[in-house]
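Participant: The following comprises the amino acid sequence and a computationally predicted model.
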Amino acid sequence: MIRFAIGNNGGKSKYFCDSWHAKCVSAHGSRACSWRVFRSMVIIFLISHISSLISSCARMGNPDGGWYDETPPYVTSASPEDKAIGVKTKKIVINFNEYIKIEDAQNKVIVSPPQIEQAEIKAAGKRIIIELKDSLKDNTTYSVDFSDAITDNNEGNPLGNYTYTFSTGTEIDTFEVAGYVLQAENLEPVKGILVGLYDDLSDTVFKSKPMIRISRTDSRGHFVIKGVAPGTYRTYALQDSDGDFVYNQKSEMLAFSHETFEPSSMPDTRQDTLWRDTLHIENIIRVPYTHFLPDDVTLLAFTAVQTDRHLLKTERKEPNKFSFYFTYGDSLLPVLRGLNFDADSAFVIEATEKLDTIHYWLRDTLLVNQDTLRMEVQYNATDTAGLLVQNTDTLEVLAKVPYEKRLKERLKEFEKWQKEQEKKKKRGQPYDSIMPPMHLSIKLNGVGSMAPDQNITLESPEPLLRCDTAGIHLYSKIDTLWYRVPYIFRQKANTLRSYELLAEWKPGVEYSIEIDSAAIESIYGIVNPPIKAGAKVKQLEEFSTLLVNVSGIRDTSIVVQMLNKSEAIVKQTRVGSDGTAEFFYVRPGEYYLRAFVDRNGNGKWDTGDYDTDQQPEDVYYYSEVTECKEKWDVTRDWNLTAKKRFRQKPGEITKQKADKEKKQKSRNLDRAKQLGVKYIREATGVNL
């Protein structure tokens, strides 16, 4: 009988082959219990006991390097002790069993109460040294939350979420407050924003006092504020750019809520899953723990509109236009007085919808060719008190490309054209003796394949002097014949150079848009060439219809939007009096639904303002994708408040993804499998 010695137990080898062979003979008979069966049983034994090798120490000089260190560091002692009371010292030393390091301490480690003068936190060998710079407050619990920043120095094994706590009073405050911070506009998790508590419930405290306890959100927008004392609180969030824990700049992202709460706790249990491997569950156990409340505080962060008005810059990229860029709009446009030119009736003014960018198109080609325009400009700007006052500046606006250089470029273009005509003449091909004038490039949008609820738009590269609608024709094709179609041609609202062609677009009908030559002329006398474009309206069978039954809140100003995977708005409509949002002529595809409460009725989402106690308009997401197919009538029932706001946005379109959680490495398992295969092959000759 062959015997294998495995391991050592007090100096005595463990022999197992005799007993295994006896069991095999008993079960299968002496003939059936062949060497192959016996050898397989030995292999099973080796594999099942390979984990015992992991616990053994690697030997010095072992050519395969030994086992990896997978054990995370742990705290051996601290001075003062963790959860000590009556502490007076501002220096803390935390000792570990091995060399450690701190990753991204500035962003991951949070000291609470907040420190106006930043604490010094550093790793030194097997210890962490913390030196608080601010004076210690009486009867206050201090916590240093390291999150997952502590790892061992060599293998990077994480300690896990670790918080050191002490008190300057006679007891440790142990309550915790948790929740989420989301962007108010799109419910994206906000990573790294400061979240804090106030026990002062006045409406102005956010701008006058630092937060009393703080935390910072992780990649999921989740926060946990620890060491909270009994009391009544409000929560705030702040993208604190100057480190004073106070909201004092309008450019800082913030969130505030008037809801108050009292922290509490209760005994609870949770399920922990023990995995045998990546596919099989070993056991599910119930673990008791202390459940702190509230744990679902939701703050909606926003940035207030920057109402301070200043002139950012003036530029003249094109010789026929110069532009003023302001930080904020004003109903009174700047007043210009030319110093080296006559500014009366010299411009066609084009302003953006918000009136924060103003373009001045020069009418006179003599001014276009003038490289420098000197002018006196009067405009409203914000003073140090935040009030709009009139400013007067003297400006010089320079053309980016000087007139002389433009002349040379035109001459090169003419010489190039002239050479091409001479080549054609020599070859006996048709040629021109006079260079044709430049044409006005009109851009048509919406042609090609279109839906019945679309319209065709025209865009001009420069302001128009005239547009002769008698030279614009719209035809529809019935059988093989083309018939005139009535239409409306008008300038789009709040634009200078955009126009739209409105008509009754019938499903399945083909249309032709034709614009005669010189029907459109710009302020520089440039006219359009003949334009012809076709458009085909899709059949009704090629579309879907989506009906959304909205419930959960009572408001008559809810707007529902259909979004694509990039969160671009595809369609938008208001909820009717019956609580239904209707979308017609929906192209087949997958869509996402977003809704917002349009309080001011302007059809777009508006942000909040802390100074006027104005919250941003409420936003909701339907948590599932909606698929629309040809010929389908799709209905969705949507209770806007059925899910917490932080659970609403579908993960497929959430751009702020959760960071990969740090886990203890298990490279020894793979190594054990490799070593097991190697040793079994040597012992048995079996090629696994």
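Facilitator: Perfect, thanks for sending it.

Participant: need the strands for the stretch 451-600 of the chain, in chain order.
Facilitator: Taking DSSP state E, counting those that start in this stretch, the strands of the stretch 451-600 of the chain run over residues 456-459, 464-467, 472-478, 481-484, 488-491, 498-502, 510-515, 520-522, 531-537, 544-551, 558-563, 569-574, 580-586, 589-597.

Participant: Could you chop this protein up by domain?
Facilitator: Listed domain ranges for the chain are 1-68+665-688, 72-172, 173-303, 311-401, 443-538, 542-652 (source: automatic domain parsing).

Participant: Could I get the full set of strands for the stretch 1-150 of the chain?
Facilitator: All strands of the stretch 1-150 of the chain, identified by DSSP E, counting those that start in this stretch, fall at 5-9, 12-15, 75-79, 91-96, 100-102, 110-112, 120-124, 127-131, 141-147, 150-152.

Participant: next helix or strand past the last one?
Facilitator: Downstream of strand 150-152, the next assigned helix or strand under DSSP states H and E is strand 162-167.

Participant: So which other helices or strands are in contact with that next one?
Facilitator: strand 91-96, strand 141-147, strand 222-228 (3 or more Cβ pairs under 8 Å, 6 or more residues apart in numbering; DSSP states H and E). (Glycine included, C-beta is placed from N, CA and C.)

Participant: Residue 118: which of those strands is closest?
Facilitator: Go through those one by one with Cβ to Cβ and the one that ends up closest to residue 118 is strand 141-147, at 12.7 Å.

Participant: what about dumping the CA coordinates of the closest one to PDB?
Facilitator: Presented in PDB, the C-alpha positions along strand 141-147 are these (Å, rounded to 0.1, in the frame of the first residue of the first chain):
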ATOM      1  CA  THR A 141     -17.300  65.500  20.800                       C
ATOM      2  CA  TYR A 142     -14.500  65.500  18.200                       C
ATOM      3  CA  SER A 143     -14.400  62.900  15.400                       C
ATOM      4  CA  VAL A 144     -11.700  62.300  12.800                       C
ATOM      5  CA  ASP A 145     -13.300  60.200  10.000                       C
ATOM      6  CA  PHE A 146     -10.700  58.600   7.800                       C
ATOM      7  CA  SER A 147     -13.300  56.900   5.600                       C
END
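
Participant: and it with strand 120-124, angle?
Facilitator: Angle, strand 141-147 to strand 120-124, by axes from the mean of the first three to the mean of the last three Cα atoms, to 10 degrees: 50 degrees.

Participant: pLDDT averaged over strand 141-147 - what is it?
Facilitator: Taken as a whole, strand 141-147 carries a mean pLDDT of 94.

Participant: just stretch 105-115 next, same as before
Facilitator: For stretch 105-115, the mean pLDDT works out to 90.

Participant: So for residue 295, which of the helices and strands packed on strand 162-167 sits nearest?
Facilitator: strand 222-228 (8.5 Å).

Participant: Could you list every helix and strand that the next helix or strand after the closest one packs against?
Facilitator: Following strand 222-228 in sequence order, the next helix or strand is strand 234-238 (DSSP H and E). Judged by 3+ Cβ pairs under 8 Å, 6+ apart, strand 234-238 is in contact with strand 175-183, strand 194-198, strand 254-256, strand 297-301.

Participant: Could you point out which of those sits nearest residue 631?
Facilitator: Closest approach to residue 631 among the helices and strands packed on strand 234-238 (Cβ to Cβ): strand 175-183, 37.4 Å.

Participant: Let's verify residue 405: helix, strand, or coil?
Facilitator: What DSSP: H, G, I helix; E, B strand; the rest coil gives for residue 405 is helix.

Participant: wait, which of the strands of the stretch 451-600 of the chain is closest to residue 326?
Facilitator: That would be, of the strands of the stretch 451-600 of the chain and by Cβ to Cβ, strand 498-502, which comes in at 22.2 Å.
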